[in-house]
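[1] sharing a sequence plus its predicted fold:
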Amino acid sequence: MRQPVSTETPIADPVGPVVQSGELAEAVAEAAAIDNPGQRVDVRNRGSYVRVEVDGGQCVLRRTTIEEQLGRPFQMRELEISMPSFVGRIETGTEQVRFFLAHRAG
């Protein structure tokens, strides 16, 4: 799993999921880095949950990427069940989920 960030300047306008700690949180953190190339991804482990923050006003998570990280079949509804919160707005689908800032919705 990506190491928690503690020394860098916080992302000014982060977007992304907050996921219950465990196997899925680790897979989502890795998928965030893969699915958002060139964007800074901060992973903050808070014990019972993991906050994944992506810079740039948008975070895309693809089902296939999460599935690859888990090493098993995955359905996006599993993420919704394990995600007590998120930062930004959200668009959900069966193949991907997108978190974005309201002023950058386009």
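    Great, that's in hand.

[2] all contacts plus neighbour counts: C-alpha atoms, from now on.
    Noted.

[3] can you count the residues close to residue 11?
    By the criterion of other Cα atoms under 10 Å, residue 11 has 14 neighbours.

[4] which stretches of the protein have low pLDDT?
    Scanning the chain for pLDDT under 70 picks out 1-7, 103-106.

[5] now do the contacts for residue 94.
    By Cα atoms under 8 Å, 6 or more residues apart in numbering, residue 94 lies in contact with 63, 75, 76, 77.

[6] phi and psi next, for it.
    Main-chain dihedrals, residue 94, degrees, to the nearest 10: phi -80, psi -20.

[7] hang on, residue 80 in a helix?
    Yes: under DSSP: H, G, I helix; E, B strand; the rest coil, residue 80 falls within a helix.

[8] state the distance from it to residue 39.
    23 Å (Cα to Cα, to the nearest Å).

[9] name the element residue 56 belongs to?
    Under DSSP states H and E, no helix or strand contains residue 56.

[10] what segments of the protein are strands?
    In the chain, the segments counted as strands under DSSP state E are 16-20, 41-45, 49-54, 58-62, 85-87, 89-92, 96-100.

[11] how far out from the middle of the chain is the fourth one?
    A distance of 7 Å separates the C-alpha centroid of strand 58-62 from that of its chain, computed with Cα atoms, centre = their mean, to the nearest Å.

[12] can you give me the angle it makes with strand 41-45?
    80 degrees (axes from the mean of the first three to the mean of the last three Cα atoms, to 10 degrees).

[13] who does strand 58-62 pair up with?
    strand 96-100 (antiparallel) (DSSP bridges).

[14] would you tell me which helix is longest in the protein?
    In the chain, taking DSSP state H as the definition, the longest helix is helix 23-35.

[15] for residue 61, give its distance to residue 9.
    24 Å.

[16] the more surrounded of these two?
    residue 61 (25 against 7).

[17] okay, and the beta partners of that one?
    Bridge pairing for residue 61 - DSSP bridges - gives residue 97.

[18] ok, back up a step: by neighbours, which of the contacts of residue 94 wins?
    residue 63 (21 neighbours).

[19] show me the contacts for that one.
    Going by Cα under 8 Å, 6+ apart, residue 63 touches 74, 75, 76, 94, 95, 96.

[20] nice, that's everything, thank you.
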